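**Q** Here you go, sequence then predicted model.
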Amino acid sequence: MYFVEVAIKVPLPRTFDYKVDSQLGEASAPLKPGMRVLVPFGNQRKVAVVLALKTTTEVPENKIKAIFEIIDDTPILSAEHIELLRFTARYYCYPLGETIHIALPSALRQGESPDKTSINMVALTEKGALLPSLKAKTQLNLLKQLSQSGKSSLTELKALGFSKKTIDSLIDKALITQSIEHDNHWQSVAPTVGSKPTLNKEQAVACTTINQSSGFSSFLLEGVTGSGKTEVYLQCLEEVLKRGEQALVLVPEIGLTPQTVNRFRRRFPDTPIMLWHSALTDNERLQTWRFCEKASCAIVIGTRSSIFLPFLKLGMIVVDEEHDSSFKQQDTLRYHARDLAAYRAYQHKIPLILGSATPALETLHKAINNKYQLLSLTERAQTATDNQFKLLDMKGQPDQAGIAHASLATMRQHLKRGKQVMVFLNRRGFSPTLICHECGWLSECKRCSTSATFHKAIGQMICHHCGDQYHVPHQCPDCGSTQIFPNGKGTEQIEEFLSSEFPQTPVTRIDRDSTRRKGSLEKALDEINLGGARILVGTQMLAKGHHFADVSLVVILDVDSGLYSCDFRATEHLAQLVTQVAGRAGRSGEAGQVLLQTHFPEHPLLQDLVNNGYQDFARFALREREDADLPPITNMAIVRAQGHNIKQVVDFLTDLVPVSGVTGIQLLGPIPAPLEKVAGMYRFQLHIQAQDRRVLHQYLAQMVDYLSTSKLAQKVRWSLDVDPIDMI
Ligand SMILES: Nc1ncnc2c1ncn2[C@@H]1O[C@H](COP(=O)(O)OP(=O)(O)OP(=O)(O)O)[C@@H](O)[C@H]1O
Ligand SMILES: [Zn+2]
C-alpha cells in the first residue's frame, strides 16, 4: 500500500491524500503523477489528478480513504504542466483543483479518454484484405479504396463520399479497423513557405535578435500600427518550424481577425495550424489538446486559455496585441495569459515575443528595466508618412448626432476621393439613457447603479451590466409626461444619422449588436475589404488589428469620458484605444487623417498623444505612476465582495483589515466599487498594495487560508484579483 496526493475540484486551497491498495495498482498501469483517478469524496465519486506518490501521510489511518480506480494508462499532464498549474494556482491564490479543472478540456475533467476524438485512421484487417464479396456496393468500394491506399484518414474517406455508416458496418464485420495515428511528419521536413516581403532594416534587426537568442528571453516588439509586427512573428516562426518545434500564438479575439489567421495559413500552407477559441466544441477542444501534446499540430493560434495547452516541444510563444485586456480572465481564476506566457517561456527555456503598438505600462516598465529586451519598429511598412492628427474643439461647434460639422465636411472630402471613412464611438445601442424633458427622470436599471441603454432597432432598454431588458416607456414613470427623449449617443444612432446624411453611401456598423449572428462579422469585414462599405461605424471591435487598406480618415467621436475617470488606468486605456483606432487609417499608400472630437483640446494627455505619439505618452504615464506609487511600480490585489445585505459585505471586508497594520502592505478600504450595485447586489472592494511582490503574496496566502474558515466569508460572494486591470 502507498499514498497519493491528489487535486480535486473543490473551492478549498488544499490537496488531499488517498491510499492506493497494492492490488489496484497491480491491476492497472503503475500510477504516476499526472494520471487521473476516481476517488470517494463525501458521498460522491470525483475525478482527481495525482500530484505525487508518497509512502507516508499525515492523515490518520482510520480516516484515510482508498481510491476507487485508476483512469489513465499514461499521465494526461506532464510534470512540467503540473508545475505550471501549481504556479498559476499559487500566483492567483486560487484552489489548485479548480485551476486544473479550468485548464483541462471538459472531456478530461469528466474522466473520459484523451483519445476519444483521436481515432482518425482506418485500415483493412487480414480478413478485409481478402476483399470478400459484399452485397453493399459502397462497402466493397471502401475495401478496394483501402487496399489501394493501405491506410486512410477518416477525413479523406469522408471527402471521397464514404459515410460514417459504411465505415461502421465494415468495422462491425471485422473487415476494417480504426486506429489512432498522430502525424508528426511536419517536424522532419522544412516547412513550405509562401511568398513573403523582404524585411526592412528594423524588422530584420528584430528577427535576427530573436532568432539568435538562446534559452529563455522575452522581447517587447514595440512597433507602431502597420509597422509589420506580424511579418516579424512569421519570419521568426519559420525558424522555429525549421527546428521541428511548436509555437503558440496568443491573439485577443480570433473572430475579429480572420485576416491574421489566413496570413499564417498562406505563409505555411503545409504546416498543421490549429485554432483555439471560445466557439470550439468540446470534442474540438479535446482534439486540439491531444494534437498539441503529440506534436501533430505545429502552430496554435489561440485566445487566452490556449496558454494551458500541452505542447510536446514548444519552441516559441508570441503574444500579439499584448496590451489587450481580453488576455486577463475577469472571473473565477483571474489569470493573465500574457504573464503566464512569460512563466511558460521561462519553463521551456524559449523566446517570448510580446508585440504591440501600444504596450501595457506593465510590459513597458519591464522593458525599461531590462527584464524584457526592447525591439522597436518606428516606421509603417507600406506608408511613407505618419498619420496626421487633429484635435477638434467641440466647444461651441455646431454638430449633428454628436458629429461636428467640420468632421462631416472632412468626411465628404475623403468619400469624394473614393476613400473609406471610419467613425468610432465606444458605445453601442442608440443612446445610453432616456431622459424626461419635464422632470429629468433617467432610465435606470432597476437592479444596477447604472442606466439602461436604449436600443431603438429592437425597441428595448437593455442594461449592459446585468442584461435585464425593459420596455421603452411611453410616459415618464415619475411625472407622467410623454416628453421622453434619447440622451447621449450610441453607434446605432450614428449609423442612422449617417445613413440619412449620406443617402448614396453604404454605411456598415460593427459592434456587438450588429455581429451577434454567426458569420455576420466576417460578412461585414468582407464588405469593407471588397470596398462595398464606404462609411464604417463601430466600437472598439473596429480597433483590433484590422488591415483595411482603403480607410483614409478616422473620426473619433468621444474621447472625453476617458480623461476624467476614477480608474487610474483610464488614461492608459484611452491612449491605447485612440492609437489603435487611429492606426486603421492610412495603412497603404498615402498617410491617413485622424480627427479627435473633444471639449478639452488643451488636455496634456491629448496634446502629448497627438504631438508625440503613444511611445512618449506611455513613458510619461509611467513616471506619473511612479510618483503616485501605483502599479506597475507597486503590486496590487483587490478583494471584491458583493451581496444583497450591504452590512454583511462591508463587515466581511472590514474583518480583513488588521487593526495594527502589516509591514510592507498598504490597505485601502472597504470602499464602494465604482459600480456600486449590479444585479441587485451591493459591491465593495479592499485594495491591497505592496512594493515587494513576495510580501504581497505572503500576505495574500495567509488571507486566503483565513478566508477558508471565516464565517463572514460564507455570507457574501467574494473574489480575489491579483494584478487587477479593471477596477470595476
Ligand atoms: N517588409 C515589408 N515589406 C512590405 N510590406 C510589408 C512588410 N512588412 C509588412 N508588410 C505589410 O504591411 C502591412 C502591415 O503589416 P502588419 O499587419 O504585419 O503590421 P502590424 O504591425 O502587425 O499592424 P497592427 O499593429 O496595426 O496590427 C501588411 O499588409 C503587411 O503584409
Ligand atoms: Zn442591470
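**A** The structure has been received and is ready for your questions. Ligands and ions are numbered 1, 2, ... in the order given.
**Q** mind saving the C-alpha coords of stretch 307-315 as CSV?
**A** Extracted C-alpha coordinates of stretch 307-315, given in CSV (Å, rounded to 0.1, in the frame of the first residue of the first chain):
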residue,chain,number,x,y,z
ILE,A,307,-1.9,29.2,-22.6
PHE,A,308,-2.8,26.0,-20.8
LEU,A,309,-2.4,23.7,-23.9
PRO,A,310,0.1,20.9,-23.5
PHE,A,311,2.9,21.1,-26.1
LEU,A,312,5.4,18.3,-26.7
LYS,A,313,8.1,20.6,-28.0
LEU,A,314,7.3,24.2,-27.6
GLY,A,315,9.8,26.5,-29.3
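**Q** So which bits of that stretch are buried?
**A** Across stretch 307-315, burial judged by 16 or more other Cβ atoms under 10 Å covers Ile307, Phe308, Leu309, Pro310, Phe311, Leu312, Leu314, Gly315. Every residue, glycine included, has its C-beta placed from N, CA and C.
**Q** what's it in contact with?
**A** Outside stretch 307-315, the residues that touch it by Cβ atoms under 8 Å, 6 or more residues apart in numbering are 77-78, 81, 84-85, 102-104, 187, 240, 243-248, 250, 276, 288-289, 292-295, 300, 302, 335, 337, 340-341, 344, 348, 350.
**Q** For the stretch 251-400 of the chain, which residues are neighbours of ligand 1?
**A** Near ligand 1, the residues belonging to the stretch 251-400 of the chain are Ala357, Ala381, Gln382 when assessed by Cβ under 6 Å from any ligand atom.
**Q** brain fart, the chain
**A** Contact residues of the chain with respect to ligand 1, defined by Cβ under 6 Å from any ligand atom, are listed as 197-200, 203, 223, 225-231, 357, 381-382, 545, 547, 583.
**Q** for the chain, longest strand please?
**A** Across the chain, the longest stretch assigned as strand under DSSP state E is strand 666-678.
**Q** how about it, does it reach ligand 2?
**A** No: counting by Cβ under 5 Å from the ion, ligand 2 has no neighbours in strand 666-678; the shortest distance is 6.4 Å.
**Q** So in that sheet, which strands flank that strand, and in what orientation?
**A** Sheet pairing of strand 666-678 (DSSP bridges) gives strand 681-690 (antiparallel).
**Q** buried residues in the partner strand?
**A** Buried residues in strand 681-690, counted by 16+ other Cβ under 10 Å: Met681, Tyr682, Arg683, Phe684, Gln685, Leu686, His687, Ile688, Gln689, Ala690.
**Q** Residue of the stretch 51-200 of the chain nearest ligand 2, please.
**A** Ile102 (26.8 Å; Cβ to the ion).
**Q** and Glu438, how far is that from ligand 2?
**A** The gap separating Glu438 from ligand 2 is 25 Å, by Cβ to the ion, to the nearest Å.
**Q** doesn't Phe485 make contact with that residue?
**A** No: with contact defined as Cβ atoms under 8 Å, Glu438 does not count as touching Phe485 (10.8 Å).
**Q** neighbour-wise, which of these two wins?
**A** Under the criterion of other Cβ atoms under 10 Å, the comparison of Glu438 against Phe485 puts Glu438 first, with 14 against 11.
**Q** neighbours around Arg14, how many?
**A** Arg14 has 12 neighbouring residues, counting by other Cβ under 10 Å.
**Q** domain assignment for the chain?
**A** Partitioning the chain according to automatic domain parsing yields domains covering residues 2-109, 119-181, 188-377, 388-428+490-619, 635-722.
**Q** Mark which of the residues of the stretch 251-400 of the chain next to ligand 1 are buried, thanks.
**A** Buried among those by 16+ other Cβ under 10 Å: Ala357, Ala381.
**Q** ok, so of the residues of the stretch 251-400 of the chain next to ligand 1, who is nearest Lys395?
**A** For those, the residue nearest Lys395 by Cβ to Cβ is Ala357; the value is 30.4 Å.
**Q** Just to check, the closest one is in contact with Leu220?
**A** No: distance between Ala357 and Leu220: 11.5 Å, which falls outside the contact criterion (Cβ under 8 Å).
**Q** helix, strand or coil for the residue in the stretch 501-650 of the chain positioned nearest to ligand 2?
**A** Residue nearest to ligand 2 within the stretch 501-650 of the chain: Gln642 (13.2 Å; Cβ to the ion). The three-state label given to Gln642 by DSSP: H, G, I helix; E, B strand; the rest coil is strand.
**Q** What mean pLDDT does the single longest helix found in the chain get?
**A** In the chain, taking DSSP state H as the definition, the longest helix is helix 604-628. When pLDDT is averaged over helix 604-628, the result is 92.
**Q** Residues in contact with that helix: which ones?
**A** When contacts are defined by Cβ under 8 Å, 6+ apart, helix 604-628 is touched by residues 222, 224, 357-359, 361, 364-365, 368, 389-391, 559, 563, 568, 571-572, 574-576, 578-579, 596, 598, 600, 631-633.
**Q** Distance-wise, check His348 relative to ligand 2.
**A** As judged by Cβ to the ion, His348 and ligand 2 stand 44 Å apart.
**Q** List the contacts of that residue.
**A** Here His348 is in contact with Glu80, Phe216, Phe311, Leu314 (criterion: Cβ under 8 Å, 6+ apart).
**Q** Max pairwise distance over those residues: which two?
**A** Every pair in the contacts of His348 was compared (Cβ to Cβ); the two farthest apart turn out to be Phe216 and Phe311, at 15.2 Å.
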